[in-house]
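K.L.:
sequence unknown, structure follows:
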């Protein structure tokens, strides 16, 4: 087919224009594909980051429950030992409220009431509605525990309830028990704690825990001064959060509890959840609020305890 010069130019221009449009559409499609991939990749990274942050926060909240557990245990054991010392001084047959005792390491702002019937004891520790500071923490409400006295028994069960109880503004709900053994295989007193507890933070976040914790009294037993006592803690438990996440915990290195310190000074436990896990470590013996969490992939993050 013969074209004039003018017609030939139009054909060439139309052909170039068509090819350019094809190329332009290809480039635009590629850009959309890249942006879509980048967006998905970024969303995946954000989701993963949010999941890690949420999981780390949940582990930190679980350690706050550890603190509550530890100080609750300290208070109940201190009060129990002080009550038993008073009963022994007054005689086993004491059956009156004159058994009211003084525990050196429980502040004067705590009102202590004892009901004594035969060998049964019910002890109420009232921290008041305004609260009382114990080991640097503000505690409000009541702890009520009871047990049956038997100085010859190798095991004593102490049951306690929390009534309108708050620990640093966290509402703590629990009704549980402590089994005291006079002597374990190492010759030390030992306390086995039922860990059934629910904690509600001021912002409405809630977590529950079930499990068992064994507290071995390794130093200070029999000194008459509770503040020099040291416990080593082992056990395993499960923490469940309101969002459905469930963490399992198992102590790897015994958690060292020196009652003069508000935090564990050493020890570690393993934490596992679906697609998440690692080791929480309290350090090598310093009394501070610093710890670390090492994810299964080796990433280590610092944790500041409240």
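P.N.:
Happy to help now that I have it. Everything numeric here is computed off the predicted structure, so don't read it as measured data.

K.L.:
for the stretch 101-250 of the chain, just list every one of the strands.
P.N.:
111-117, 120-126, 132-134, 137-148, 155-167, 170-173, 175-181, 190-194, 197-200, 206-219, 230-241, 246-258 (DSSP state E, counting those that start in this stretch).

K.L.:
stretch 211-229: which residues count as buried?
P.N.:
Buried positions in stretch 211-229, judged by neighbour count with 16 or more other CB atoms under 10 Å: 211, 213, 214, 215, 216, 217, 218, 220, 226, 229. In this view, the C-beta of every residue, glycine as well, is placed from N, C-alpha and C.

K.L.:
next one: stretch 134-152
P.N.:
For stretch 134-152, a neighbour-count test (16+ other CB under 10 Å) marks 134, 135, 137, 139, 140, 141, 142, 143, 144, 145, 147, 149 as buried.

K.L.:
contacting residues around stretch 137-144?
P.N.:
67, 71-72, 75-76, 79, 122-133, 160-169, 262 (CB atoms under 8 Å, 6 or more residues apart in numbering).

K.L.:
where in the stretch 51-200 of the chain is pLDDT low?
P.N.:
51-55, 90-104 (pLDDT under 70).

K.L.:
go again using 80 as the cut-off
P.N.:
Where the stretch 51-200 of the chain drops to pLDDT under 80, the residues are 51-56, 87-105.

K.L.:
strands paired with the host helix or strand of residue 301, and their directions?
P.N.:
According to DSSP states H and E, residue 301 maps onto strand 300-304. Looking at strand 300-304 with DSSP bridges, its partner strands are strand 290-295 (antiparallel).

K.L.:
contacts only, for the nearest residue to residue 132 once chain neighbours are set aside.
P.N.:
Once flanking residues are discounted, residue 132 sits nearest to residue 109: 3.9 Å by CB to CB, 6 or more residues apart in numbering. For residue 109, the contact set (CB under 8 Å, 6+ apart) comprises 127, 128, 132, 133.

K.L.:
go again with 10 Å.
P.N.:
Residues near residue 109 by CB atoms under 10 Å, 6 or more residues apart in numbering: 126, 127, 128, 130, 131, 132, 133, 134, 139.

K.L.:
buried ones among the residues you listed?
P.N.:
126, 127, 131, 132, 134, 139.

K.L.:
low-scoring pLDDT stretches of the stretch 201-306 of the chain, where are they?
P.N.:
222-227, 274-275, 306.

K.L.:
near residue 203, how many other residues are there?
P.N.:
Number of residues near residue 203 (other CB atoms under 10 Å) recorded here: 6.
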